[in-house]
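Visitor: Quick one, fold the following:
(one chain, ligands or ions: 1)
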Amino acid sequence: MKGKIICPACKGNGFRYIIEDDKRVAIDCKACDNQGELPNDEKTKFSLRYLSNYISGLWPKENG
Ligand SMILES: [Zn+2]
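Guide: Residues are numbered from 1 along each chain as shown. Sure thing, here's the model as predicted:
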C-alpha cells in the first residue's frame, strides 16, 4: 500500500476550524502541513496512533 492517505485531522481539507470568540476560524492543519494528505508510510502510521486518540475527541463517531 503506497501513496497517500487522507489526513484524519482535517479530513483532507488542509485546514481545520476552531471556535474563537463564538466565530468559526480556519487554522492551518499542523498534522499534514496544509497538504490534506499524509504519506502512507510507517512514520505516519506511528503518528496516527496518537492522532487518532486526539481526533476521537474532536470528531463525532460516524461508524457506530
Ligand atoms: Zn490535515
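
Visitor: helices and strands around the helix or strand that contains Asn53, which ones?
Guide: Secondary structure assigned from DSSP states H and E places Asn53 in helix 42-56. For helix 42-56, the elements it packs on are strand 37-39, judged by 3 or more Cβ pairs under 8 Å, 6 or more residues apart in numbering; DSSP states H and E. Any C-beta I mention is one placed from the backbone N, CA and C, and that applies to glycine too.

Visitor: chain center to the strand it packs on, what's the gap?
Guide: 10 Å (Cα atoms, centre = their mean, to the nearest Å).

Visitor: Only the buried residues of that strand, if you could.
Guide: Residues Leu38 are the ones in strand 37-39 that count as buried (16 or more other Cβ atoms under 10 Å).

Visitor: Pairing partners for that strand, with directions?
Guide: Sheet pairing of strand 37-39 (DSSP bridges) gives strand 4-6 (antiparallel).

Visitor: centroid residue for this protein?
Guide: Ala9 (1.2 Å; Cα atoms, centre = their mean).

Visitor: Show me which residues of this protein sit near the ion.
Guide: Residues of the chain found near the ion (Cβ under 5 Å from the ion) are 7, 9-10, 29, 31-32.

Visitor: for the protein, which spans come out with low pLDDT?
Guide: Scanning the chain for pLDDT under 70 picks out 1, 54-64.
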